[in-house]
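Enquirer: this one's sequence-less:
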């Protein structure tokens, strides 16, 4: 019988070689597994065969007692479902102990996004003359034009982008590639960046496999670095709402739907594996339509 340490090592190889997940995603999965294995050890459970529904209910209660949010617990259980499916496939477990256990319902929250006037203001924030300002304007334009994740943007190489066609190859979750279009404004900002700023930030011959976005040292811009750049400009807008760089992705999707795009097309552009991940944006557009109706129709407002 394998020990939990051996199971962890085998599962890590499975996630990397069979599921083809990124190193960061694998780290998150293993972190959740480690927390569960620690619980098993404290409960004197040393064999996978002893994990049943009763054990999982006890573990779920521990998570609630520790004060974890529902969304965190739901995500944690999703990782364990993946682990148990793997153990069943390997015949280490006869049955998945989570099949009869329901995950806590997530609290539905509408995604935060920028209104069109706010987005236009954000795009004007970077300095138009400095090399870093030119780079940052290109970053914001590309994010708004293509709905990228921060982790996707930092992986883009010069050879992945076609300014004439207005398209780029994006490596999304699970290392899946997709073709994403971008508009004229983003193309102009990127061309200006490549012609005037990038060669100054990163001197030397241009390599197709070199990073598109670089820092002031000429190295590939990190996820943290890109995150901080966008956060800085969002804070300059002086908006009371809590906004993160992911708000630009939400803005991209929301404005597409408001402009008449169908949900299936938005799903493909965002790189969502499931339609359910995209459907949240219909609530955003629905709320806006309701506000427009209430403001415009003389008999729309209910009596207070």
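Expert: Structure's in. What do you need? Keep in mind the model is a prediction, meaning the values are calculated, not measured.
Enquirer: when you work out contacts or count neighbours from here on, use the C-alpha atoms and nothing else.
Expert: OK.
Enquirer: tell me the contacts of the nearest residue to residue 272 once chain neighbours are set aside?
Expert: Once flanking residues are discounted, residue 272 sits nearest to residue 278: 6.9 Å by C-alpha to C-alpha, 6 or more residues apart in numbering. Residue 278 makes contact with 263, 266-267, 272, according to C-alpha atoms under 8 Å, 6 or more residues apart in numbering.
Enquirer: now, the residues you listed that are in helices?
Expert: The members of these that map onto helices under DSSP state H are 263, 266-267.
Enquirer: most neighbours out of the residues you listed, which is it?
Expert: Neighbour counts for the ones in helices among the contacts of residue 278, by other C-alpha atoms under 10 Å, peak at residue 266, which reaches 21 neighbours.
Enquirer: surely it meets residue 258?
Expert: No - between residue 266 and residue 258 there is no contact under C-alpha atoms under 8 Å: 11.4 Å.
Enquirer: mind putting the ones in helices among the contacts of residue 278 in CSV, pLDDT included?
Expert: Shown next, in CSV, are the ones in helices among the contacts of residue 278 (pLDDT from 0 to 100):
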residue, pLDDT
263, 84
266, 87
267, 89
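Enquirer: pull the number of nearby residues for residue 186.
Expert: Neighbours around residue 186, by other C-alpha under 10 Å: 22.
Enquirer: which strands or helices does the helix or strand hosting it pack on?
Expert: Residue 186 belongs to helix 184-192 when assigned by DSSP states H and E. Applying 3 or more C-alpha pairs under 8 Å, 6 or more residues apart in numbering; DSSP states H and E, one finds that helix 184-192 contacts helix 131-146.
Enquirer: chain center to the strand or helix carrying residue 82, what's the gap?
Expert: In this assignment (DSSP H and E), residue 82 forms part of helix 70-89. Distance of helix 70-89 from its chain centroid, counting by C-alpha atoms, centre = their mean, to the nearest Å, is 19 Å.
Enquirer: and that helix, what does it pack onto?
Expert: Using 3+ C-alpha pairs under 8 Å, 6+ apart, helix 70-89 sits against helix 23-42.
Enquirer: picking that back up, and which of the ones in helices among the contacts of residue 278 is nearest residue 87?
Expert: residue 267 (31.8 Å; C-alpha to C-alpha).
Enquirer: got phi/psi on residue 169?
Expert: Taking degrees, to the nearest 10, you get phi -100, psi 130 for the backbone angles of residue 169.
Enquirer: show me what it is bridged to.
Expert: Per DSSP bridges, the residues bridged to residue 169 are residue 179.
Enquirer: touching, it and residue 163? I think so.
Expert: No - using C-alpha under 8 Å, residue 169 is not in contact with residue 163, being 11.9 Å away.
Enquirer: burial measure for residue 200, as a count.
Expert: 15.
Enquirer: mind listing what it touches?
Expert: Counting by C-alpha under 8 Å, 6+ apart, residue 200 has contacts residue 131.
Enquirer: what helix or strand does it sit in?
Expert: Going by DSSP H and E, residue 200 is part of helix 198-201.
Enquirer: how about the helices in the stretch 201-304 of the chain?
Expert: In the stretch 201-304 of the chain, the segments counted as helices under DSSP state H, counting those that start in this stretch are 223-236, 246-258, 263-270, 275-278, 280-296.
Enquirer: tell me the most buried of those?
Expert: Neighbour counts (mean count of other C-alpha atoms under 10 Å) averaged over each of those peak at helix 246-258, with a mean of 22.
Enquirer: what's that one packed up against?
Expert: Against helix 246-258 (3+ C-alpha pairs under 8 Å, 6+ apart) you get helix 131-146, helix 263-270, helix 280-296.
Enquirer: what's the angle between that helix and helix 263-270?
Expert: Here the directions of helix 246-258 and helix 263-270 differ by 150 degrees (axes from the mean of the first three to the mean of the last three C-alpha atoms, to 10 degrees).
Enquirer: ok so, going back, wait, which of the contacts of residue 278 is closest to residue 56?
Expert: residue 272 (30.0 Å).
Enquirer: can you list the low-confidence ranges for the stretch 1-150 of the chain?
Expert: 1, 103-109 (pLDDT under 70).
Enquirer: swap in 80 and give it another go.
Expert: 1-2, 71, 100-111 (pLDDT under 80).
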